[in-house]
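> The amino acid sequence is not available; the structure is as follows:
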């Protein structure tokens, strides 16, 4: 079985400050990891994903995440927050086989203040 | 433009009625998925289908039914057996192979009156 834990259901940062959203996963086999973003009343949009290879993954809108196997983590960061980054962020995991089913974390609502 | 469409965007239903949510994709994806989203609970998998005429239950299938008669369509029926159907429903599709991202539709918000 696989699971995802997102620490902090709400995170608030100032515009221009570092964004750090935490994600830890549990998986008995090598995972594939994803970060999605959701704006109010919309579907999810992929920010970035890790499958194999380089553990530092760069995504859209200046976001990046680092896969750390020893810490079972896949934290999402952005050096400088922008007002348009305010949204809900979901970390998700899947593994080989099983129909590519995703298991999602409960989400982190990011607020960006002036 | 390729993508996933869901209709309607907002849906109201009376208790005891069945209702069907539409999901169509023109991405030529083999796999399709239905999720339910409730505040503070993330997304939970209802049903998924890897090929036409085949589908499997997800984590919260009770009170829901699906069909997959065409590759591009995966409608979800919320039956009267679903005790708490008010939620945001998201449909997704993917090539099906492990590690591929899922592409999401815009969602349908169902409210039971």
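Great, that's in hand. Quick caveat: nothing in here was measured; it's all calculated off a predicted structure.
> what about residue B:70, how many neighbours?
Residue B:70 is surrounded by 11 other residues when neighbours are defined as other C-beta atoms under 10 Å in any protein chain shown. For every residue, glycine as well, the C-beta is placed using N, CA and C.
> quick one, what contacts it?
Taking C-beta atoms under 8 Å, 6 or more residues apart in numbering or on different chains as the contact definition, residue B:70 lies against residue B:52.
> any idea of the mean pLDDT for stretch B:73-92?
The predicted model assigns stretch B:73-92 a mean pLDDT of 95.
> typo on my end, stretch A:91-107
Mean pLDDT, taken over the full extent of stretch A:91-107, equals 85.
> quick one: buried residues of that stretch?
Under the neighbour-count criterion of 16 or more other C-beta atoms under 10 Å in any protein chain shown, stretch A:91-107 has A:91-95, A:99-107 buried.
> So which of those sit within helices?
Among those, none falls in helices (DSSP state H).
> With distance to chain B as extra columns, can I get those residues in CSV?
Listed next are those as CSV, based on distance: C-beta to the nearest C-beta, whole Å:
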residue, distance to chain B
A:91, 9
A:92, 8
A:93, 11
A:94, 7
A:95, 7
A:99, 5
A:100, 5
A:101, 6
A:102, 6
A:103, 8
A:104, 4
A:105, 6
A:106, 4
A:107, 5
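> mind listing what the nearest residue to residue A:99 once chain neighbours are set aside touches?
Counting by C-beta to C-beta, 6 or more residues apart in numbering or on different chains, residue B:50 is the residue found nearest to residue A:99 once chain neighbours are left out, at 5.0 Å. Taking C-beta under 8 Å, 6+ apart as the definition of contact, the neighbours of residue B:50 are A:99, B:30, B:31, B:56, B:96.
> Verify the contact between residue B:100 and residue B:94 for me.
Yes: here residue B:100 reaches residue B:94: they are 4.9 Å apart, a contact under C-beta atoms under 8 Å.
> Those two: who's more crowded?
For residue B:100 and residue B:94, the more surrounded residue by other C-beta under 10 Å is residue B:94, and the numbers stand at 25 against 16.
> Show me what that one is bridged to.
residue B:31 (DSSP bridges).
> same thing with residue A:112?
When bridges are assigned using DSSP bridges, the partners listed for residue A:112 are residue A:13.
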